[in-house]
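Participant: Show me the folded form of this:
(one chain, ligands or ions: 1)
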Amino acid sequence: MTDQVSPGAPVAPKLASRHGSGSGEVLLSVRNLEAVFETGDGIVHAVDGITFDVHRGEIFAIVGESGSGKSVSAMTVMGLLPTIKVRSGEILWKGENLLDFDENRMRRIRGGEIAMIFQDPLTALNPVHTVGRQVAEMARIHDGLSKKDAMKRAIETLDLVGIPEPAKRAAMHPHEFSGGMRQRAMIAMAIMCKPDLLIADEPTTALDVTVQAQVLEVLVDIKDEIDSGIVLITHDLGVVAGLADQMMVMYAGNQVEFGTVDEIFYETAHPYTEGLLNSIPDLVGDHSKPLIPIKGSPPSLINRPSGCAFHPRCSYARVPGVCSEQEPKLRDEGQGHMSACHFTSVDWKPQ
Ligand code: SF4
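Facilitator: Predicted structure coming up:
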């Protein structure tokens with residue numbers, strides 16, 4: 001490692017030509033989005049200048065620890081956080097800025113064109129109504145189907161997500177479903193109107209490993225079946241490695257690394273990403289390697305550290321000096337693989 005900073009010139013991410021297994025049509029294009037909350041204790045910098053594209057047919061993962069801004073980013077895209085203030089940037093949906101849409105138009109987009117799958121189906125499902133009624137409701141609201149037709153489609157959709165005896169299950173209440181079945185019901189609700197984009201926020205966190213794998217398989221099958229894109233928000237890099245095409249790593253509201261899953265796993269460009277990878281069992285190689293957790297904990301988003309927000313936890317930080325004083329900008333490590341570190345990976349990685 002040298003002490004010489006290799007600052008490079010900050011450049012805009014080259015996103016337009018990069019896509020995974022999808023058809024290439026850009027569905028969602030988030031540009032330099034900055035959003036804050038005002039609280040009694042100060043301003044929470046929840047999302048600080050993130051930029052990414054999601055294409056039809058692709059799974060785009062947003063990864064980071066709790067409080068890194070990944071869920072807030074998705075909720076901001078959906079317009080689900082009334083107290084958040086977007087300070088700058090654009091959220092382009094098929095070329096139109098969602099930030100210009102009124103609430104009526106946003107309501108039609110939500111559930112109709114973009115649907116969200118939440119991590120806790122028990123709080124998202126109404127305990128009073130049957131699962132079938134709740135799934136059918138989506139088609140009544142967004143597609144104006146009659147009660148009978150909506151229920152018919154609900155049963156077909158419950159079948160599609162792998163719920164056995166769907167007609168019988170449709171008449172049951174959420175508490176009569178297992179955790180995995182409830183999550184499948186949530187997916188059924190989300191896909192009732194064949195949305196172009198599914199945003200899945202930690203969709204399998206509450207499930208055991210076997211059920212997790214089954215639910216994720218359903219998600220991938222559904223994506224192919226309805227030709228949608230998926231934004232997958234997760235802290236689980238194992239899930240990302242198996243499923244996603246492209247990914248963005250977030251830290252303290254910042255986008256610190258962006259690229260294809262292969263680039264990020266095999267040519268890691270940011271020390272925080274390396275820390276995340278070191279703290280989980282090796283997914284491809286040496287299964288006996290020791291796990292090394294990242295020291296410390298994520299910073300407060302009200303009083304973020306100066307310079308690089310990761311510097312108090314970074315093993316490669318040069319303090320006092322560059323890392324604690326200057327905020328790194330995203331720059332290209334090659335072919336659109338972006339990293340927000342003052343140093344290229346050649347500089348910081350032990351050789
Ligand atoms: Fe670590 Fe410095 Fe790079 Fe931040 S800029 S990730 S502190 S080496």
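
Participant: what does the average pLDDT come to for stretch 329-344?
Facilitator: Stretch 329-344 comes out with an average pLDDT of 91.

Participant: how about the residues of the chain near the ligand?
Facilitator: 271, 308, 310-311, 314, 316-317, 323, 328, 341-343, 348 (CB under 6 Å from any ligand atom). C-beta: built from backbone N, CA, C; applies to glycine.

Participant: which one of those residues sits closest to residue 191?
Facilitator: Closest approach between these and residue 191, by CB to CB: residue 310, at 37.1 Å.

Participant: How about that closest one, nearest residue that isn't a chain neighbour?
Facilitator: Of all residues not flanking residue 310 in the chain, residue 272 sits nearest, at 5.1 Å (CB to CB, 6 or more residues apart in numbering).

Participant: repeat for residue 348
Facilitator: Nearest residue to residue 348, sequence neighbours excluded (CB to CB, 6+ apart): residue 316, at 4.2 Å.

Participant: cool, residue 35 as well?
Facilitator: Distances taken as CB to CB, 6+ apart put residue 47 closest to residue 35, at 4.3 Å, once the chain neighbours are dropped.

Participant: and residue 212, what does it touch?
Facilitator: Counting by CB atoms under 8 Å, 6 or more residues apart in numbering, residue 212 touches 204, 239.

Participant: Output the below-cut-off pLDDT ranges for the stretch 251-351 of the chain.
Facilitator: Within the stretch 251-351 of the chain, the stretches with pLDDT under 70 are 283-287, 350-351.

Participant: now the strands for it?
Facilitator: Ranges of strands in the stretch 251-351 of the chain, per DSSP state E, counting those that start in this stretch, are 254-260, 331-332, 338-339.

Participant: my guess is residue 198 meets residue 117, correct?
Facilitator: Yes - Residue 198 lies in contact with residue 117 (CB atoms under 8 Å); the separation is 6.3 Å.

Participant: Now for those two: what residues contact both?
Facilitator: With CB under 8 Å, 6+ apart as the test, residue 198 and residue 117 both reach 190, 219.

Participant: Quick check: of the residues of the chain next to the ligand, which has the highest neighbour count?
Facilitator: residue 308 (29 neighbours; other CB atoms under 10 Å).

Participant: quick one, what contacts the closest residue to it other than its chain neighbours?
Facilitator: Spatial nearest neighbour of residue 308, excluding adjacent residues (CB to CB, 6+ apart): residue 323 at 4.9 Å. Residue 323 makes contact with 307, 308, 311, 314, 317, 342 under the criterion CB under 8 Å, 6+ apart.

Participant: Backbone dihedrals for the second one, both of them.
Facilitator: Okay, so that is residue 308. Main-chain dihedrals, residue 308, degrees, to the nearest 10: phi -80, psi 120.

Participant: For the most centrally placed residue in the chain, pull up the helix or strand it's in.
Facilitator: Centroid-nearest residue in the chain, with CA atoms, centre = their mean: residue 233, separated by 2.8 Å. Assigned by DSSP states H and E, residue 233 belongs to strand 229-234.

Participant: Touching that strand from outside, list them.
Facilitator: Around strand 229-234, the neighbours that count as contacts under CB under 8 Å, 6+ apart are 22, 27-28, 54-63, 70-71, 74, 196-203, 205, 219, 223, 239-240, 243-244.

Participant: measure the residue nearest to the centre of the chain to the ligand for me?
Facilitator: 22 Å (CB to the nearest ligand atom, to the nearest Å).

Participant: Ends of stretch 225-242, what's the gap?
Facilitator: 19 Å (CA to CA, to the nearest Å).

Participant: And that stretch, what's buried?
Facilitator: Across stretch 225-242, burial judged by 16 or more other CB atoms under 10 Å covers 228-237, 239-241.

Participant: Equivalent analysis for stretch 122-142, please.
Facilitator: If you call a residue buried by 16+ other CB under 10 Å, then stretch 122-142 has these buried ones: 124-125, 130-142.

Participant: What about those, which are in strands?
Facilitator: Using DSSP state E, no member of the buried residues of stretch 122-142 sits in strands.

Participant: The residue nearest to residue 348 touches residue 345, doesn't it?
Facilitator: No - at 10.1 Å, residue 316 does not count as touching residue 345 under the criterion of CB under 8 Å.
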